[in-house]
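> I'll drop the sequence and a predicted model, then ask my questions.
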Amino acid sequence: MAKSTVTRLPPNTRTAKSTLIPKHLAKDEFARRLYKLMLDKGWRQADLARAADLPRNAISVYLRGASLPNPESTKALAKAFGIEPGELLPNYTESAIERDNPELEFRVSPADPKKAWLRVNRLVMMSTAVKIMALLEDDNANQSK
């Protein structure tokens, strides 16, 4: 089993203004940041959509604060403005990690709609993990009958 490493900062180095801790932006804060960057360039929504190669309605959704962009769209928007994705949306790294390693993933098998792929990447109590493993073993036994 792999050994995990935890790094802890001494108490005197923890400050509210630390540059090591990215600010997590809410949708409306991101919308304001995106709007300001767009105005600084003198762009309209259509101009930003063309520069980022994204649909104009996606730009509208971001500017209204209805949604945050996915990692690919964040990367495209940042490239259009000539900045790093993490500078545009500090949540970028966090969401990219979540997308690469989702907590729970469920996909119906295209070959057999009665079966599904299930991926769980979550810390659970040992008793819960044992129950899940028992269910999976029962499922395997039923499939081989």
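Done, it's in. Numbering: from 1, shown residues only.

> leaving aside the residues next to it on the chain, what's closest to Ala76?
Distances taken as Cβ to Cβ, 6 or more residues apart in numbering put Ala52 closest to Ala76, at 4.4 Å, once the chain neighbours are dropped. Every C-beta, even on glycine, is put in place using the N, C-alpha and C of the backbone.

> Can you give me the distance of that neighbour to Ala58?
Going from Ala52 to Ala58 by Cβ to Cβ, to the nearest Å gives 9 Å.

> residues bridging contact with the two, i.e. touching both?
Both Ala52 and Ala58 are contacted by Ser73, under the criterion Cβ atoms under 8 Å, 6 or more residues apart in numbering.

> Check which element follows the one helix or strand in the chain whose mean pLDDT sits lowest along the chain.
Every helix and strand of the chain was ranked by mean pLDDT, DSSP states H and E. The lowest is helix 92-100, at a mean of 57. Of the helices and strands lying after helix 92-100 in sequence (DSSP states H and E), the nearest is strand 104-108.

> could I have the longest helix along the chain exported to CSV, CA atoms only?
The single longest helix within the chain, with elements called by DSSP state H, is helix 126-143. What follows is the C-alpha trace of helix 126-143 in CSV, where atoms were taken according to Å, rounded to 0.1, in the frame of the first residue of the first chain:
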residue,chain,number,x,y,z
MET,A,126,-14.3,0.2,6.9
SER,A,127,-17.7,-1.5,7.5
THR,A,128,-19.1,0.3,4.5
ALA,A,129,-16.2,-0.7,2.3
VAL,A,130,-16.6,-4.3,3.4
LYS,A,131,-20.3,-4.2,2.6
ILE,A,132,-19.6,-2.8,-0.9
MET,A,133,-17.0,-5.5,-1.5
ALA,A,134,-19.5,-8.2,-0.5
LEU,A,135,-22.1,-6.7,-2.9
LEU,A,136,-19.5,-6.8,-5.7
GLU,A,137,-18.6,-10.4,-4.9
ASP,A,138,-22.2,-11.4,-4.9
ASP,A,139,-22.7,-9.6,-8.3
ASN,A,140,-19.7,-11.4,-9.8
ALA,A,141,-21.0,-14.8,-8.5
ASN,A,142,-24.5,-14.0,-10.1
GLN,A,143,-22.9,-13.1,-13.4
